[in-house]
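J.: Curious how this folds, go ahead:
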Amino acid sequence: MDKLKSVLSGEEAPTQNRTILQAANEASTLGWGTRVKGFVGCFVVGCVCTLLGVCVLFIPKIGITLFIVFYSLGNVCSLCSTMFLMGPVKQLKRMCDKTRALATTIMLTCLVLTLCAAFWWKNFGLALLFCILQLLAFAWYGLSYIPFVRDAILKILSMCIK
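T.: All right, here's what the predicted structure looks like:
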């Protein structure tokens, strides 16, 4: 709005050195109610896609391919839903935090490898393995937002192994 005022008044706007991420963050000026609605809508679409993928899994011949597509699409929608709450820049920064970087990398790598295994390599066993790894990495990523939960899970697992 300031730019519009300065252009209409004949003043020259000060040059700003903004990055693409800063421009995207400034463009996302949604109200809190709209953000929550966007989050809920995107998250519900993600959950529906995931459940739809499970439902079509047992269709002969094309079931596993549809499962992989819907499951991966559901994970992407669920992940993108939090961008409505925090904004895209803050979400990307949090995804790259040192506590979440490994889980984010594994999750996104498994997502790409799932699709490669299904469509390029035509190896559905490998695609299902990547789906399972995708699920585990997504869960580990999600748990990183709850303080001390991952530490507690690691302690429980270490006690069970002993």
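J.: C-alpha from now on. contacts and neighbour counts both.
T.: Fine.
J.: what are the ranges of the helices in the protein?
T.: 2-9, 20-27, 32-55, 63-86, 88-95, 101-115, 124-143, 149-161 (DSSP state H).
J.: so can I have CSV of these showing mean pLDDT and mean neighbour count?
T.: Shown next, in CSV, are the helices of the chain (pLDDT from 0 to 100; neighbours: other Cα atoms under 10 Å):
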stretch, mean pLDDT, mean neighbour count
helix 2-9, 50, 11
helix 20-27, 63, 12
helix 32-55, 93, 18
helix 63-86, 91, 21
helix 88-95, 89, 16
helix 101-115, 94, 19
helix 124-143, 92, 18
helix 149-161, 93, 11
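J.: and residue 100, what are its phi and psi?
T.: phi -110, psi -10 (degrees, to the nearest 10).
J.: which residues sit in contact with it?
T.: Applying Cα atoms under 8 Å, 6 or more residues apart in numbering, we find residue 100 in contact with 94, 141, 144.
J.: ok, of these, which one's closest to residue 40?
T.: Residue 40 has its nearest neighbour among the contacts of residue 100 in residue 141, at 19.0 Å by Cα to Cα.
J.: So for the closest one, what's the nearest residue that isn't a sequence neighbour?
T.: Once flanking residues are discounted, residue 141 sits nearest to residue 103: 5.3 Å by Cα to Cα, 6 or more residues apart in numbering.
J.: mind listing what that neighbour touches?
T.: Counted by Cα under 8 Å, 6+ apart, residue 103 has contacts 137, 138, 140, 141.
J.: Reformat the contacts of residue 100 as a markdown table; add distance to residue 111.
T.: Formatted as a markdown table, those follow (distance: Cα to Cα, whole Å):
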| residue | distance to residue 111 |
| --- | --- |
| 94 | 19 |
| 141 | 14 |
| 144 | 19 |
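J.: Show me which of the residues you listed is closest to residue 49.
T.: The closest of the contacts of residue 100, once distances to residue 49 are taken by Cα to Cα, is residue 141, at 19.6 Å.
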